[in-house]
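> Fold the following, please.
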Amino acid sequence: MATERLFVDTSAFYALMDRSDGHHKDAAAIWHWILEEDVRLATTNYVVVETLALLQGRLGFEAADIWHRDVLGLADVLWVDDAIHGLAYELWLAFGRRKMSFVDCVSFVTMRHHKLEKVFAFAKHFTNQGFTLVYQRRKDQRAP
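The predicted structure follows:
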């Protein structure tokens with residue numbers, strides 16, 4: 001069976017690290033499944049920056065450092081080039097004032113570029129863009 005490829009969003013990385021987050025238990029269960037099934041993870045350098053800033057601001061420097069050393073190391077970091085950045089900016093402009101973050105737009109464009117259809121995220125707008133949330137799929141299957 002081919003190895004599953006999964007994009008990881010800041011919402012999942014953060015939930016995994018913050019025990020008080022409402023999605024922490026789900027994130028931990030999905031993380032366990034990821035490790036058991038040897039799922040290939042990918043994210044962008046923009047998500048890395050966003051996650052580091054969020055973790056440092058809310059949980060402190062140590063939590064951000066632990067995440068960078070112990071969690072991020074399991075993901076391929078896809079570096080955003082000028083073309084993807086430009087396409088994401090155009091998408092962000094098209095969304096206008098609908099509170100879509102630029103980082104999310106970069107994620108959407110990157111996922112399409114790399115043909116990634118599944119995402120570990122708790123932000124529902126990924127489904128609006130046609131991606132499959134692993135969280136929802138796993139819940140529907142009553143696993144993990």
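> Against Glu62, how distant is Arg40?
Arg40 sits 28 Å away from Glu62, going by CB to CB, to the nearest Å. All C-beta atoms are positioned from the backbone trio N, CA, C, and that covers glycine.
> what about these two, which has more around it?
Ranked by neighbour count (other CB atoms under 10 Å), Arg40 and Glu62 place Arg40 first, with 15 against 10.
> Quick check: the more buried one touching Arg5?
Yes - at 4.8 Å, Arg40 counts as touching Arg5 under the criterion of CB atoms under 8 Å.
> pLDDT averaged over stretch 68-88 - what is it?
Rounded to a whole number, the mean pLDDT of stretch 68-88 is 97.
> How about that stretch, which residues are buried there?
Of the residues in stretch 68-88, those buried by neighbour count under the rule 16 or more other CB atoms under 10 Å are 71-72, 75, 78, 80, 84-85, 87-88.
> How much space separates Ile66 from Met17?
8 Å.
> Have a look at the two and say which one is more surrounded.
Neighbour comparison, Ile66 and Met17: the larger count goes to Met17, with 21 against 15 (by other CB under 10 Å).
> residues touching the more buried one, list them.
Listed by CB atoms under 8 Å, 6 or more residues apart in numbering, the contact partners of Met17 are 55, 59, 63, 66-67, 71.
> please redo it, this time with the cut-off set to 7 Å
Applying CB atoms under 7 Å, 6 or more residues apart in numbering to Met17 gives the contacts 55, 59, 63, 67.
> do the same with Leu41
So Leu41 contacts 6, 8, 34, 74-76 (CB under 7 Å, 6+ apart).
> Report pLDDT for Glu99.
If you look again at residue 99, you'll see it is Lys, not Glu. Confidence at Lys99, expressed as pLDDT, is 81.
> Can you tell me how far it is from Val106?
Computed as CB to CB, the Lys99 to Val106 distance reads 16 Å.
> Need the nearest residue in space to Trp92, chain neighbours excluded.
Nearest non-adjacent residue to Trp92, counting by CB to CB, 6 or more residues apart in numbering: Cys105, 4.3 Å away.
> Would you agree that neighbour is in contact with Leu91?
Yes - between Cys105 and Leu91 there is a contact at 4.5 Å, judged by CB atoms under 7 Å.
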